[in-house]
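>>> coordinates for the following, if possible.
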Amino acid sequence: MSLTELRTSKLWTWKTLLRDHTRFLSMLPNYLAAYIIPGYSLTPTTIESVMVTMNTINTCPYCTGLHGQLARMAGVDKPNPSDAEVV
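Next comes the predicted model:
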């Protein structure tokens, strides 16, 4: 098992890199709309809460650290397990 797999539990290859970035670029207009279009944009606390939640699943150490700091700057409270909802 490589060092990358130990850190992220994923095997990164050129194929997965291109697939993920192509997918991201195709959805970029929607991502940007969540930040800037009036009436469609989300609050910074909501955006960073979603980002931190997704990064705990994806286990990317860089993204988790970055969005953790952005969440603190946006004023996101520490999670309270009793507030969790099942959707």
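>>> so how far is Arg19 from Asp77?
35 Å (C-beta to C-beta, to the nearest Å). In this view, the C-beta of every residue, glycine as well, is placed from N, C-alpha and C.
>>> again with Val76
Distance from Val76 to Arg19, by C-beta to C-beta: 30 Å.
>>> comparing these two, which shows the higher neighbour count?
Comparing Val76 with Arg19 by other C-beta atoms under 10 Å, the one with more neighbours is Val76, at 19 against 11.
>>> the more buried one in helix, strand or coil?
Classification of Val76 using DSSP: H, G, I helix; E, B strand; the rest coil returns coil.
>>> surely it and Thr43 touch.
No: using C-beta atoms under 8 Å, Val76 is not in contact with Thr43; the gap is 10.0 Å.
>>> helices of this structure, start to end?
3-8, 14-36, 44-58, 61-74 (DSSP state H).
>>> report the contact partners of Val52.
Thr64, His67, Gly68, Ala71, Val76 (C-beta atoms under 8 Å, 6 or more residues apart in numbering).
>>> of those residues - the most surrounded one?
Ranking those using other C-beta under 10 Å puts His67 first, with 23 neighbours.
>>> from His67, how far off is Val52?
5 Å.
>>> ignore the last one, Val76
10 Å.
>>> who touches both of those two?
Glu48, Val52.
>>> can you check the pLDDT for Pro79?
Looking at Pro79, its pLDDT reads 65.
>>> revised request: answer the last question for Leu6.
48.
>>> again with Ser26
92.
>>> check Tyr35 too.
76.
>>> nearest spatial neighbour of it, skipping sequence neighbours?
Among residues not flanking Tyr35 along the chain, Ser41 sits closest, at 5.8 Å (C-beta to C-beta, 6 or more residues apart in numbering).
>>> what pLDDT is listed against the one you found?
79.
>>> got it, and the one 5 residues further on?
Predicted confidence (pLDDT) at Thr46: the value is 87.
>>> CA atoms only for stretch 41-56 - export them in PDB, please.
Extracted C-alpha coordinates of stretch 41-56, given in PDB (Å, rounded to 0.1, in the frame of the first residue of the first chain):
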ATOM      1  CA  SER A  41     -26.400  31.900  -3.200                       C
ATOM      2  CA  LEU A  42     -25.900  30.100   0.100                       C
ATOM      3  CA  THR A  43     -24.500  31.600   3.300                       C
ATOM      4  CA  PRO A  44     -20.800  31.100   4.000                       C
ATOM      5  CA  THR A  45     -21.600  29.000   7.100                       C
ATOM      6  CA  THR A  46     -23.800  26.700   5.000                       C
ATOM      7  CA  ILE A  47     -21.200  26.300   2.300                       C
ATOM      8  CA  GLU A  48     -18.400  25.600   4.600                       C
ATOM      9  CA  SER A  49     -20.500  23.200   6.700                       C
ATOM     10  CA  VAL A  50     -21.200  21.200   3.600                       C
ATOM     11  CA  MET A  51     -17.500  21.300   2.500                       C
ATOM     12  CA  VAL A  52     -16.300  20.100   5.900                       C
ATOM     13  CA  THR A  53     -18.900  17.300   6.000                       C
ATOM     14  CA  MET A  54     -17.900  16.100   2.500                       C
ATOM     15  CA  ASN A  55     -14.200  16.300   3.300                       C
ATOM     16  CA  THR A  56     -14.700  14.100   6.300                       C
END
